[in-house]
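> Predicted structure and sequence below. I'll ask about it afterward.
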Protein chains: 2
Amino acid sequence: MSKAKAVILLSGGLDSTTTLAIAKSMGFDCYALSFDYGQKQKSELIAAKKIANNFKVSQHYIMKIPLADFANSALTDKNIDIPNFKKTNEIPVTYVPARNTIFLSFAIAWAEVIKSQDIFIGVNSIDYSSYPDCRKEYIKAFNNMANLATKEAINGAKISIITPLIDLNKVQIIKKGISLGVDYSLTISCYQADENGKACGICDACGYRKIGFKSAKIKDPTRYK
Amino acid sequence: MSKAKAVILLSGGLDSTTTLAIAKSMGFDCYALSFDYGQKQKSELIAAKKIANNFKVSQHYIMKIPLADFANSALTDKNIDIPNFKKTNEIPVTYVPARNTIFLSFAIAWAEVIKSQDIFIGVNSIDYSSYPDCRKEYIKAFNNMANLATKEAINGAKISIITPLIDLNKVQIIKKGISLGVDYSLTISCYQADENGKACGICDACGYRKIGFKSAKIKDPTRYK
C-alpha cells in the first residue's frame, strides 16, 4: 500500500522543520510548500530547499505570491525596521496580514490536486500567542471551512489541519526535533538573516530560538553574524 | 465623514460586475481585486480593467498568482477542453481547487491593510450549486474563520463577507444590474472568449448567461464569435 500524502508548510525555520520531521516520522509521503511572498530576507527559502532535500520530500514547491504589495509588515516593508526581541502580548509589526490563511488556502488546493487529506503547519500558541492566526480557535475554524471548500471535501474526504507544535514551547519543540534527528544548523529563524544565512541574534525570532536552545541545554547550532 | 471601504472580488463577468454595482449603490468606497491565476483566457482581465474604470473604483489590483501550477482544471489546463453547456448537479471540470478560498484570503489581507471590514463576492448558490465554494454554508464558515484570522479582527473589527447574489437566479441578477445601470456589454462570462473578448456561446458560462438574458426579456449585449 502506498503511503498517505501530506502537505507540509515549510518556511525553513525551526518550527516548520520540526513539523516536517514529525510528519515524516508518522509515515507520511511529504509534499513541502514554501512561499516567496516578498519577505525581505530570502535565506529562509534557501534553507527550505536544503531541508526539503535533506528530508527527501516527494516534491518541494516554492510558490511566488505578491503578498508584500498589500502587506504593511516589518517582514516585507523595507521602511519598517525589524524590532529587537521583547516578550509581549501585543501583535508585533512583524505580523503579515492573513498570512497563514493565504498559505493554508494554497495548501488545501495542492492537497486536493495530489489527493492528500492531511496538512501540517508548525503554528505554536505559546511563544507566538499574540499572532491571531497561530491560535487553536483559528486553526479549528479554518479546518471547518476547509471541509466545506473543496470538491474532495464534498465527495466525503475529511481534511485535517495538523498542528503538532501547538501546545509545545520552544524547548519541547527542539527536544522533539533532536529526538527525530533534525539538523537545526540547516534552519533559519531570524527575521533578518543575511544572504549567507547568518542570524542577527537580536530579533524576536532569534530571541525565542536562543532561549530555546539554552533552556533545552542543547548547543545552539545557529550561525550568528 | 468618509465612506466605508469595501473590497470587491471582480472577475470581469456578469455576476461580479453586478456585485460591484450593488456595493457602489450601497455607498461603499470600492476597492476591486482581480486575479491573474493562470486562466487560459485573459480577456476577462481586460474586461475587469474596463469595468473598474467605468465604476471609478478607488483602486483596482490585479494579483498574479501561480494557482494553475497546482490546478487540474479545464479553465487553466490547455490539455482539458472546456465542455459544452449542460445543466448538472455534478462538479464540472471547470472547477478550480480552492479558488474562492484563495481569493477571499487575499481579500481579507487587503481589507485589513486598507481598514475595510466588508468584502463582496458574487457567488451564487442557484446556477452554480455544484461548486462547493459558492454555497452559503461555505461562505458562513469562511466568514467565521476570517473573524479569528486577522489583527483587526482580534482588535474588535467584524468582517462581513457579503454575497448579494447568493439567492438570485441569473434573470434576477441581470434585472438588478440593469436597474443599477450596469453595461453588460463590458462583461465577459465565457470560459473561452477570444482575445477580442468574443464569447463562444456554447460553454456553461455562456449557457447560463444566454438563458438569463432571454428569460429576462433583455437584449443580450454579448458579442459572440
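Alright, I've got the coordinates.

> Give me the helices and strands touching the longest strand that chain A contains, please.
In chain A, assigned by DSSP state E, the strand with the most residues is strand A:29-36. Here strand A:29-36 touches strand A:5-9, helix A:14-25, helix A:43-54, strand A:59-64, helix A:99-114, going by 3 or more CB pairs under 8 Å, 6 or more residues apart in numbering or on different chains; DSSP states H and E. For glycine as for every other residue, the C-beta is placed from the backbone atoms N, C-alpha and C.

> Send me the last one as CSV with only the CA atoms.
Meaning helix A:99-114. The C-alpha trace of helix A:99-114 is given here as CSV (Å, rounded to 0.1, in the frame of the first residue of the first chain):
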residue,chain,number,x,y,z
ARG,A,99,-0.5,35.2,6.0
ASN,A,100,-1.4,31.8,7.5
THR,A,101,-4.9,31.9,5.9
ILE,A,102,-3.3,32.5,2.5
PHE,A,103,-0.7,29.8,3.0
LEU,A,104,-3.3,27.3,4.2
SER,A,105,-5.6,28.1,1.3
PHE,A,106,-2.9,27.2,-1.2
ALA,A,107,-2.2,24.1,0.9
ILE,A,108,-5.7,22.8,0.6
ALA,A,109,-5.7,23.5,-3.2
TRP,A,110,-2.5,21.5,-3.6
ALA,A,111,-3.8,18.8,-1.2
GLU,A,112,-6.9,18.4,-3.3
VAL,A,113,-4.8,18.0,-6.5
ILE,A,114,-2.4,15.4,-5.1
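
> Figure out which of the helices and strands packed on strand A:29-36 is closest to chain B.
Proximity to chain B, assessed across the helices and strands packed on strand A:29-36 by CB to the nearest CB, is greatest for helix A:99-114 (3.7 Å).

> Quick check: next helix or strand after the closest one?
Later in the chain than helix A:99-114, the nearest helix or strand by DSSP states H and E is strand A:118-120.

> low pLDDT regions in chain A?
Chain A contains residues with pLDDT under 70 at A:1, A:71, A:87-89, A:127-129.

> Okay, buried residues for stretch A:37-48 please.
Residues A:37-41, A:43-48 are the ones in stretch A:37-48 that count as buried (16 or more other CB atoms under 10 Å in any protein chain shown).

> Tabulate the CA atom coordinates of that stretch in PDB.
Taking Å, rounded to 0.1, in the frame of the first residue of the first chain, the C-alpha atoms of stretch A:37-48 are listed here in PDB:
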ATOM      1  CA  TYR A  37       5.800  36.200  -0.500                       C
ATOM      2  CA  GLY A  38       8.100  39.200  -0.700                       C
ATOM      3  CA  GLN A  39       9.800  38.700   2.600                       C
ATOM      4  CA  LYS A  40      12.900  40.900   2.800                       C
ATOM      5  CA  GLN A  41      15.300  38.000   3.600                       C
ATOM      6  CA  LYS A  42      15.400  35.200   1.100                       C
ATOM      7  CA  SER A  43      17.900  33.000   3.000                       C
ATOM      8  CA  GLU A  44      15.000  31.100   4.700                       C
ATOM      9  CA  LEU A  45      13.900  29.900   1.200                       C
ATOM     10  CA  ILE A  46      17.400  28.700   0.500                       C
ATOM     11  CA  ALA A  47      17.300  26.900   3.900                       C
ATOM     12  CA  ALA A  48      13.800  25.500   3.000                       C
END
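
> how about the closest residue to residue A:27 other than its chain neighbours, what does it touch?
Using CB to CB, 6 or more residues apart in numbering or on different chains and skipping residues adjacent in sequence, the residue nearest residue A:27 is residue A:3, 6.0 Å away. Residues near residue A:3 by CB atoms under 8 Å, 6 or more residues apart in numbering or on different chains: A:27-29.

> Tell me the one of these nearest chain B?
Taking CB to the nearest CB as the measure, chain B lies nearest residue A:29 of the contacts of residue A:3, at 16.9 Å.

> tell me, how many neighbours does the closest one end up with?
Residues lying near residue A:29 (other CB atoms under 10 Å in any protein chain shown) number 16.

> Helix A:99-114 and the longest strand of chain A, what's the angle between them?
Relative orientation of strand A:29-36 versus helix A:99-114 (axes from the mean of the first three to the mean of the last three CA atoms, to 10 degrees): 140 degrees.

> Just confirm residue A:145 contacts residue B:147, I think it does.
No: taking contacts as CB atoms under 8 Å, residue A:145 lies outside contact range of residue B:147: 11.4 Å.

> Could you dump the contacts of residue A:3 into JSON lines with distance to residue B:182 added?
Putting these into JSON lines (distance: CB to CB, whole Å) gives the following:
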{"residue": "A:27", "distance to residue B:182": "55"}
{"residue": "A:28", "distance to residue B:182": "49"}
{"residue": "A:29", "distance to residue B:182": "49"}
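
> Let's have the helices and strands packed on strand A:29-36 in a markdown table, adding distance to residue B:126.
Converted to a markdown table, the helices and strands packed on strand A:29-36 look like this (distance: least, CB to CB, whole Å):
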| stretch | distance to residue B:126 |
| --- | --- |
| strand A:5-9 | 33 |
| helix A:14-25 | 41 |
| helix A:43-54 | 44 |
| strand A:59-64 | 34 |
| helix A:99-114 | 24 |
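
> Redo those as JSON lines? Include distance to chain B.
Shown next, in JSON lines, are the helices and strands packed on strand A:29-36 (distance: least, CB to the nearest CB, whole Å):
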{"stretch": "strand A:5-9", "distance to chain B": "10"}
{"stretch": "helix A:14-25", "distance to chain B": "19"}
{"stretch": "helix A:43-54", "distance to chain B": "15"}
{"stretch": "strand A:59-64", "distance to chain B": "6"}
{"stretch": "helix A:99-114", "distance to chain B": "4"}
